[in-house]
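S.K.: Mind looking at a prediction? Sequence and model below.
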Amino acid sequence: MKPLIGISTYLEESTAWGVWELPAALLPAGYPRLVQRSGGTAVMLPPDDPDAAASVVARLDGVVIAGGPDVEPVRYGAAADPRTGPPARERDVWELALIEAALASGTPLLGICRGMQLLNVSLGGTLVQHVDGHSSPVAGSFASHPVKPVPRTRYGALVPEEFAVPTHHHQTVDRLGAGLTVSAFAADGTVEAVELPDPRPVLGVQWHPEMGEDTRVMSWLVRAASVHAASGHAASERASSDEAASGRAASEPAGRVRGGAARQ
């Protein structure tokens with residue numbers, strides 16, 4: 001069975017398709033397609049009650065926090081820069097809850113662009129609210145620049161060479177969150193990937209792998225999700241077996257055990 005990968009979504013007040021113009025939870029198709037090309041099954045996770053995040057993540061094998069609007073600066077104790085975009089508070093609250101649940105449960109986690117920034121914030125880090133040179137001057141298109149891996153990191157093992165990535169962002173990591181390690185940089189020193197050390201399956205990338213052809217980052221998540229699913233299913237099967245055994249024992253007459261031997 002393919003691992004089930006949940007991907008957070010946009011929540012837009014007005015979106016047009018066909019004859020309709022309605023509020024919509026949406027996601028660029030590149031995200032689920034990349035999951036599928038990498039061997040997983042994708043499901044969408046639109047903003048919801050943050051109290052439900054732990055139960056949602058418990059049903060998943062892996063989580064992707066997708067790109068999107070700027071993280072509201074109040075989340076990391078800063079005043080908004082004039083160049084910071086309008087907040088997406090429902091997404092911030094929901095996605096922070098998803099990250100917390102994934103970290104608590106050991107569920108493999110990949111943050112993409114905004115998702116990497118939110119991962120950093122969730123662990124107590126801060127953001128630079130504006131950088132130049134990491135987005136295209138043409139609206140609706142992506143820029144490209146090389147990213148250099150840091151040796152002896154998870155990302156460095158996945159992509160050992162300098163690699164050009166599709167990019168569109170104007171914010172990035174400033175102070176690192178607790179436990180995070182930088183695993184890639186851009187030529188200007190911008191942090192391009194962060195991760196938690198093994199065995200915790202957590203990686204964030206500042207670019208948009210769903211807009212390219214390289215599957216190595218998402219394939220890592222799907223492989224980690226497969227391992228998580230196998231260990232989870234094994235634990236679930238043991239728990240179900242124990243529960244069933246307890247139920248059978250409870251239903252047997254007093255003074256007897258399975259197999260008919262008398263209690264001493």
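M.R.: Here it is on my side, so go on. Note that the structure is a prediction, hence the values are computed from the model and not measured. Numbering: from 1, shown residues only.
S.K.: Enumerate every residue touching Ser38.
M.R.: Ser38 makes contact with Thr215, Met218, Ser219, Leu221, Val222 under the criterion CB atoms under 8 Å, 6 or more residues apart in numbering. Where you see a C-beta, it was placed from the backbone N, CA and C, and this is true even at glycine.
S.K.: same thing but at 6 Å, please
M.R.: Applying CB atoms under 6 Å, 6 or more residues apart in numbering to Ser38 gives the contacts Thr215, Met218, Ser219, Val222.
S.K.: Could you check how far it is from Thr153?
M.R.: Between Ser38 and Thr153 the computed distance is 20 Å (CB to CB, to the nearest Å).
S.K.: Please apply the same query to Asp198.
M.R.: 10 Å.
S.K.: And for the residue nearest to Ala186 when sequence neighbours are not counted, the neighbour number?
M.R.: Once flanking residues are discounted, Ala186 sits nearest to Glu192: 5.2 Å by CB to CB, 6 or more residues apart in numbering. The burial count assigned to Glu192 is 29, neighbours taken as other CB atoms under 10 Å.
S.K.: quick one: pLDDT of Glu192?
M.R.: Glu192 is assigned 97 on the pLDDT scale.
S.K.: Could you export stretch 90-102 as CSV, CA atoms only?
M.R.: Extracted in CSV, the C-alpha atoms of stretch 90-102 (Å, rounded to 0.1, in the frame of the first residue of the first chain):
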residue,chain,number,x,y,z
GLU,A,90,-6.3,30.3,9.7
ARG,A,91,-3.4,28.7,7.8
ASP,A,92,-0.9,29.8,10.4
VAL,A,93,-2.8,28.3,13.3
TRP,A,94,-3.7,25.1,11.5
GLU,A,95,-0.3,24.4,10.0
LEU,A,96,1.5,25.2,13.3
ALA,A,97,-0.8,22.6,14.9
LEU,A,98,0.0,20.1,12.1
ILE,A,99,3.7,20.7,12.6
GLU,A,100,3.4,20.3,16.4
ALA,A,101,1.5,17.0,15.9
ALA,A,102,4.0,15.6,13.4
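S.K.: Thanks again, I'm all set now.
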